[in-house]
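A.B. asks: My questions concern the predicted model and sequence given below.
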Amino acid sequence: MDLRLNSNGVNGTPKMVKSSSMKFINGETIDHPLAKSSNNNSYSSAKGISVVRNPGHNKGLAFTLRERQLLGIHGLLPPSVLTQDEQVYVVMQNFYRWDNDLDRYIYIIGLQDRNEKLFYRVVTENVELMMPIIYTPTVGLACQKYGLIYRKPRNFLDFYCWKDGERILGLGDLGSYGMGIPVGKLSLYTACAGVQPHQCLPVTLDVGTNNEALLKDPLYIGLRQKRITGPEYDDFIDEFMRAVVQKYGQNTLVQFEDFGNHNAFRFLDKYKGLYCTFNDDIQGTASVTLAGLIASTRVTGKSLCQGTYLFQGAGEAAIGIASLLVMAMEEEGVSTEDAHSRIWMVDSRGLLVKNRPKGGISPQKVPFAREHAPVDTLEEAINILKPTCIIGVAAIPGAFTEQIIRNMAKFNERPVIFSLSNPTSKAECTAEQAYTLTEGRCVFASGSPFKSVQLNGKTFHPGQGNNAYIFPGVALGVILCGVRHINNAIFLKSAQPYQFEPEGTLQDEDDSDESSKKALGELGTLIAVYALASMVTKENLDEGRLYPPLSKICDVSNKIAIKIAEYTYANKMASHYPEPEDKEQFITSQLYSTDYESFVPDVYDWPDVKGQL
Ligand SMILES: NC(=O)C1=CN([C@@H]2O[C@H](COP(=O)(O)OP(=O)(O)OC[C@H]3O[C@@H](n4cnc5c(N)ncnc54)[C@H](OP(=O)(O)O)[C@@H]3O)[C@@H](O)[C@H]2O)C=CC1
Ligand SMILES: CC(=O)C(=O)O
Ligand SMILES: [Mg+2]
């Protein structure tokens with residue numbers, strides 16, 4: 001009997017995955033690893049062509065001769081047998097044959113639909129090359145063309161990443177075409193954090209679209225109706241959330257992604273205490289940006305609370321970042337009021353100031369509305385406020401004009417410029433503009449990747465300030481430990497032991513209850529923040545990076561997950577028992593492996609069995 005311990009099951013309890021049996025060659029019954037059934041029996045009768053058609057099991061030409069015979073697929077495959085290494089070579093040859101990124105996207109997603117292990121091996125080993133394809137910026141284009149790309153639905157167990165298509169990156173309402181986003185995000189759960197792919201399900205709730213062009217698009221795959229709103233919409237979302245936990249258990253993690261601003265904040269507020277959920281655009285973005293800002297202090301030589309921050313945008317990303325930034329400044333010892341006094345925002349109606357005639361101050365903006373005369377434009381605001389840092393999260397391409405960047409360089413020895421809007425077509429400025437117009441003095445990060453920039457004999461490698469550095473690791477830690485609620489107190493306490501040394505080394509501190517209580521707040525994803533920021537080396541900073549290179553993203557995610565495990569067990573927030581003694585070993589033992597499974601039972605290696613073959 002082959003009893004396998006799967007990672008957390010749907011109820012957060014480890015699930016025994018049991019083999020069913022098959023007739024052996026001599027008439028004995030033996031266990032057949034392929035026929036192991038999960039609780040939903042999805043693999044129970046896998047044999048023959050169904051094995052080849054199941055992307056979780058298919059090995060393509062890597063099935064050995066014996067496997068082909070045992071599985072009854074011998075005649076279905078050409079005689080050639082390849083190793084996985086050889087298959088990787090073939091995939092890369094194919095990948096390079098395409099001359100545009102959309103075709104590369106279609107090809108590589110097609111591989112995911114055919115042979116999951118090979119797909120994840122290729123992506124994990126070539127993450128810097130593949131991320132811009134399966135994620136931003138190409139995924140944005142893929143969403144816009146999703147009617148041409150949609151192929152088939154996917155499996156599910158433990159995670160949802162879901163959306164209603166109202167705000168896809170900075171591209172607006174794409175309705176059901178936005179499906180590319182949760183598909184891409186969940187691929188990163190596996191590629192960047194080692195989450196088992198069969199545990200993830202991308203979901204789009206189709207509530208219509210207000211995008212007139214899509215409603216007329218003959219290829220559009222969604223409902224051809226205007227978005228439902230009001231109580232009907234809210235009841236639908238409620239029903240969905242209830243149904244998720246009723247069917248899959250309390251510990252199912254639901255990641256909200258790319259919701260419209262008017263829904264994102266209220267759903268986070270409404271559901272965070274009721275379900276295991278987080279909003280990536282608010283919380284994930286806050287974490288990655290704060291980590292970048294912390295790293296930038298090592299370049300500018302100024303602490304967070306010595307900075308003046310001006311946001312272009314006052315939406316999910318901006319409010320999320322600013323809220324976490326306030327908490328981080330409080331950690332430095334300043335009052336909440338002083339921390340707020342360092343932060344300014346410009347939205348579609350100009351500088352966010354109290355009682356402005358243009359109005360438009362939603363409840364979540366209120367804490368950041370400042371006492372000041374109205375100012376209409378970003379450029380004016382920069383000239384008046386002389387910020388040390390500007391953060392673009394409004395999806396207004398080119399908003400950081402030449403004049404703005406030059407002024408930032410005039411006001412600051414090391415101006416901090418974050419152009420975080422996605423995809424690339426929505427970036428506030430390019431890396432080249434930022435470095436060139438500041439004579440290489442700026443500290444730069446962007447939401448979508450930019451190539452390195454050569455300037456005056458120096459090469460700058462811009463960092464990618466993208467929540468992809470955060471959400472995979474957070475999700476891995478939360479789900480493996482069976483954390484019920486992703487509240488921010490959980491994350492804050494673990495952040496306490498981490499302090500930055502000038503060279504970026506870590507120092508453990510005594511963590512006291514008093515200090516952690518002081519720091520409780522609304523957006524405490526600080527475990528992730530500090531885990532990420534601590535991995536930025538001096539060498540990275542010297543190259544212009546504020547984040548570890550993407551090639552290290554799996555290490556980053558694991559580190560975040562381990563920190564979450566240490567904290568949640570110490571604080572009785574974890575519900576997966578028994579508590580693992582060695583948290584690092586616990587996390588790493590659960591990670592997805594891209595190695596193919598053998599479909600030849602071990603019993604075939606027994607000497608008496610071998611003799612009969
Ligand atoms: N790098 C990363 O990891 C992430 C990047 N992003 C990117 O950030 C961008 C915004 O996302 P998100 O915050 O969720 O979107 P929201 O819709 O919540 O917010 C957009 C904000 O931009 C403001 N805005 C619109 N037009 C202008 C203008 N002309 N001048 C100034 N401000 C303007 C809006 O103003 P008003 O409030 O008045 O309507 C609003 O405050 C997107 O491009 C997204 O891709 C988002 C999440 C993560
Ligand atoms: C990165 C991301 O989540 C966004 O641009 O919406
Ligand atoms: Mg998003």
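C.D. replies: Yep, it's here. Residues are numbered from 1 along each chain as shown. Ligands and ions are numbered 1, 2, ... in the order given.

A.B. asks: which SSE is the residue nearest to T289 when sequence neighbours are not counted in?
C.D. replies: For T289, the nearest residue in space outside its immediate sequence neighbours is I321; the separation is 4.5 Å by CB to CB, 6 or more residues apart in numbering. For the C-beta atoms, the positions are set from N, CA and C on the backbone; glycine is no exception. Element membership for I321 (DSSP states H and E) is helix 316-331.

A.B. asks: Show me what counts as buried in the very next helix or strand once past that helix.
C.D. replies: In the C-terminal direction, the helix or strand that comes right after helix 316-331 (DSSP H and E) is helix 336-341. Applying a neighbour-count criterion of 16 or more other CB atoms under 10 Å, the buried positions in helix 336-341 are A339, H340.

A.B. asks: near ligand 2, which residues of the stretch 301-450 of the chain?
C.D. replies: For the stretch 301-450 of the chain, the residues in contact with ligand 2 (CB under 6 Å from any ligand atom) are N422, G447.

A.B. asks: rewinding a little: so the residue nearest to T289 is in contact with F311, correct?
C.D. replies: Yes. If you go by CB atoms under 8 Å, I321 and F311 touch, sitting 7.3 Å apart.

A.B. asks: so what sits against both of the two?
C.D. replies: The contact sets of I321 and F311 overlap at I391, V393 (CB atoms under 8 Å, 6 or more residues apart in numbering).

A.B. asks: Nearest residue to P78 in space, ignoring adjacent ones along the chain?
C.D. replies: Closest residue in space to P78, ignoring its immediate chain neighbours: L61 at 7.1 Å, by CB to CB, 6+ apart.

A.B. asks: Roughly how far does the one you found sit from ligand 3?
C.D. replies: Counting by CB to the ion, to the nearest Å, the gap from L61 to ligand 3 is 37 Å.

A.B. asks: Tell me the predicted confidence for that residue.
C.D. replies: Each residue has a pLDDT score; the one for L61 is 97.

A.B. asks: per-residue confidence for P14?
C.D. replies: Residue-level confidence at P14 comes out at 28, pLDDT.

A.B. asks: that older thread, next one: the residue nearest to T289 from G465, what distance?
C.D. replies: 10 Å (CB to CB, to the nearest Å).

A.B. asks: Just to check, P549 is in contact with V127?
C.D. replies: No. P549 lies out of contact with V127 (CB under 8 Å); the separation is 9.2 Å.

A.B. asks: Between the two, which has more neighbouring residues?
C.D. replies: When neighbours are counted by other CB atoms under 10 Å, P549 and V127 differ, and V127 comes out ahead with 22 against 16.

A.B. asks: mind listing the helices for the stretch 151-300 of the chain?
C.D. replies: When assigned using DSSP state H, counting those that start in this stretch, the helices of the stretch 151-300 of the chain occupy the ranges 180-193, 212-216, 230-248, 261-271, 285-300.

A.B. asks: will you turn the ones you listed into TSV that also has distance to L171, mean neighbour count and mean pLDDT?
C.D. replies: Below are those laid out as TSV (distance: least, CB to CB, whole Å; neighbours: other CB atoms under 10 Å; pLDDT from 0 to 100):
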stretch	distance to L171	mean neighbour count	mean pLDDT
helix 180-193	10	26	94
helix 212-216	11	14	95
helix 230-248	21	14	94
helix 261-271	14	18	94
helix 285-300	16	26	93
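
A.B. asks: Quick one, which of these gets closest to T438.
C.D. replies: With CB to CB as the criterion, T438 lies closest to helix 285-300 of these, at 12.7 Å.

A.B. asks: Distance from the chain centre to the closest one, please.
C.D. replies: Put simply, helix 285-300 sits 17 Å off its chain's centre (CA atoms, centre = their mean, to the nearest Å).

A.B. asks: and what of stretch 69-82?
C.D. replies: Chain-centre distance of stretch 69-82: 38 Å, with CA atoms, centre = their mean.

A.B. asks: Can you give me the buried ones in that stretch?
C.D. replies: Residues of stretch 69-82 classed as buried by neighbour count (16+ other CB under 10 Å): L70, L71, I73, L77.

A.B. asks: Strands of the stretch 101-250 of the chain, residue ranges please.
C.D. replies: Across the stretch 101-250 of the chain, reading from the start of the chain, the strands by DSSP state E, counting those that start in this stretch fall at 159-163, 200-204.

A.B. asks: as a whole number, average confidence for the last one?
C.D. replies: Regarding strand 200-204, the rounded mean pLDDT is 90.

A.B. asks: What pairs with that strand, parallel or antiparallel?
C.D. replies: strand 159-163 (parallel) (DSSP bridges).

A.B. asks: Of I321 and G465, which one has the most company?
C.D. replies: It is I321, of I321 and G465, that has more neighbours when counted by other CB under 10 Å, with 30 against 26.

A.B. asks: before we move on, back to that, need the overlap of contacts for I321 and G465.
C.D. replies: Overlap of the contact sets of I321 and G465 (by CB under 8 Å, 6+ apart) consists of T289.

A.B. asks: re the thing from before, can you convert the helices of the stretch 151-300 of the chain into JSON lines and add a column each for distance to ligand 2?
C.D. replies: Output for those, formatted as JSON lines (distance: least, CB to the nearest ligand atom, whole Å):
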{"stretch": "helix 180-193", "distance to ligand 2": "7"}
{"stretch": "helix 212-216", "distance to ligand 2": "19"}
{"stretch": "helix 230-248", "distance to ligand 2": "19"}
{"stretch": "helix 261-271", "distance to ligand 2": "11"}
{"stretch": "helix 285-300", "distance to ligand 2": "6"}
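
A.B. asks: Save those as CSV, and put in distance to D164 too.
C.D. replies: As requested, the helices of the stretch 151-300 of the chain are exported to CSV (distance: least, CB to CB, whole Å):
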stretch, distance to D164
helix 180-193, 11
helix 212-216, 14
helix 230-248, 8
helix 261-271, 8
helix 285-300, 18
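
A.B. asks: Report the separation between the closest residue to M535 other than its chain neighbours and G477.
C.D. replies: For M535, ignoring the flanking residues on the chain, the nearest one in space by CB to CB, 6+ apart is P548 at 4.6 Å. Counting by CB to CB, the gap from P548 to G477 is 18 Å.

A.B. asks: Please identify which of the two sits among more neighbours.
C.D. replies: Remark: of P548 and G477, G477 carries more neighbours, 33 against 21, as counted by other CB under 10 Å.

A.B. asks: now V90, nearest residue through space, not along the chain?
C.D. replies: Distances taken as CB to CB, 6+ apart place L82 nearest to V90, at 7.4 Å, with adjacent residues excluded.

A.B. asks: just S425 next, same as before
C.D. replies: Using CB to CB, 6+ apart, the nearest residue to S425 is P397, at 6.1 Å.

A.B. asks: helix or strand for that neighbour, which one?
C.D. replies: Taking DSSP H and E as the criterion, P397 maps to no regular element, lying outside all helices and strands.

A.B. asks: Just give me the neighbour total for it.
C.D. replies: Other residues near P397 come to 16 when the count uses other CB under 10 Å.

A.B. asks: ditto for the one 5 residues further on
C.D. replies: Applying the criterion other CB under 10 Å, we find 12 residues in the vicinity of E402.

A.B. asks: Ok, K47 next?
C.D. replies: The criterion is other CB under 10 Å. On that basis, K47 has 16 neighbouring residues.

A.B. asks: contacting residues around whichever residue of the stretch 1-150 of the chain sits closest to ligand 3?
C.D. replies: When CB to the ion is the measure, the stretch 1-150 of the chain has its nearest residue to ligand 3 at T136, with 8.8 Å between them. Counting by CB under 8 Å, 6+ apart, T136 makes contact with L169, N422, P423, T424, G447, S448, N466.
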